[in-house]
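[1] Got a sequence here, can you model it:
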Amino acid sequence: MTIEYNLVKIKSALPVSVQLVAVSKTKSNEDIMEAYRAGQRIFGENKVQELVRKWESLPKDIEWHFIGHLQSNKVRMIAPFVAMIHSVDSFKVLKTINDEAKLVYRVIPCLLQFHIAEEESKFGFSHEEAIQLLSSIKLTELENVTIAGVMGMATFTQDTTLINKEFSTLKEIFQTLKEVFFSGNANFREISMGMSDDYLIAIENGSTMIRVGSTIFGERCHI
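    Below is the predicted model:
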């Protein structure tokens, strides 16, 4: 199957309320351009240097999303162009994004990443930590970031009951934060959850943004 075929198949089954982020990490520029020619414009990367290389060499109307664990000392490299950062897991990272965005006269949409999986290796806030952050007076000083929603990754498992429970948890967190901190705020609207193996379950649980790689491009390769 071609990349174009895979894209068309996925998009034809998506509700209009769900955006597709094509996860292009480790994929060649040629593969990305095949997806681009098929109409895809939103791509996700999880390594800063790789993202910068691709941004420099590929069409400028591509909307690049950073979806990996972000180190504060690398924010400066993507602040001039990144369209959204999905993986904010601390106030320190959020403040750094704000400071770097200010230097380049931008406001960067960010998602708060939550630890919803049973796996300890996953990053993210707990519900309590997020409430503490959003209640902080320090947050009001950050004028160059917009908190646009939440992001999470389910446990890597065949247990669909567990995956369903974890995605349901993230939806509940989103709804609570919306009611308490973002009532009437149209910017806070995204639930980024669901990847190649579980995006259909994520959509059933209210995902507005799925991050799909191997189902579009095939298994990972190295560039």
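
[2] And the nearest residue to Gly213 once chain neighbours are set aside, how far from Ile3?
    Leaving aside its chain neighbours, Gly213 sits nearest to Val23 (3.2 Å; criterion: C-beta to C-beta, 6 or more residues apart in numbering). Any C-beta I mention is one placed from the backbone N, CA and C, and that applies to glycine too. Distance of Val23 to Ile3, computed by C-beta to C-beta, to the nearest Å: 13 Å.

[3] Tell me the secondary structure at the residue nearest the centre of the chain.
    For the chain, the residue nearest the mean C-alpha position is His86 (3.3 Å; C-alpha atoms, centre = their mean). Under DSSP: H, G, I helix; E, B strand; the rest coil, the three-state class of His86 is strand.

[4] close enough to count as contact, it and Leu111?
    Yes - using C-beta atoms under 8 Å, His86 makes contact with Leu111 at a distance of 4.7 Å.

[5] Identify the residues contacting stretch 41-57?
    Residues from elsewhere that reach stretch 41-57, judged by C-beta atoms under 8 Å, 6 or more residues apart in numbering: 19-26, 29, 32, 35, 61-71, 74, 77-78, 81-83, 86, 211, 213, 223.

[6] Can you list which of these are found in helices?
    Among the contacts of stretch 41-57, DSSP state H puts 29, 32, 35, 77-78 in helices.

[7] And Val23 and Ile3? Which one has more around it.
    The residue with more neighbours, out of Val23 and Ile3, is Val23; 25 against 22, by other C-beta atoms under 10 Å.

[8] Verify the contact between the more buried one and Met209 for me.
    No - with contact defined as C-beta under 8 Å, Val23 does not reach Met209; the gap is 11.6 Å.

[9] so where do the helices sit in the protein?
    Shown for the chain, the helices assigned by DSSP H span residues 3-12, 29-37, 48-57, 75-78, 91-103, 127-134, 160-181, 199-204, 214-217.
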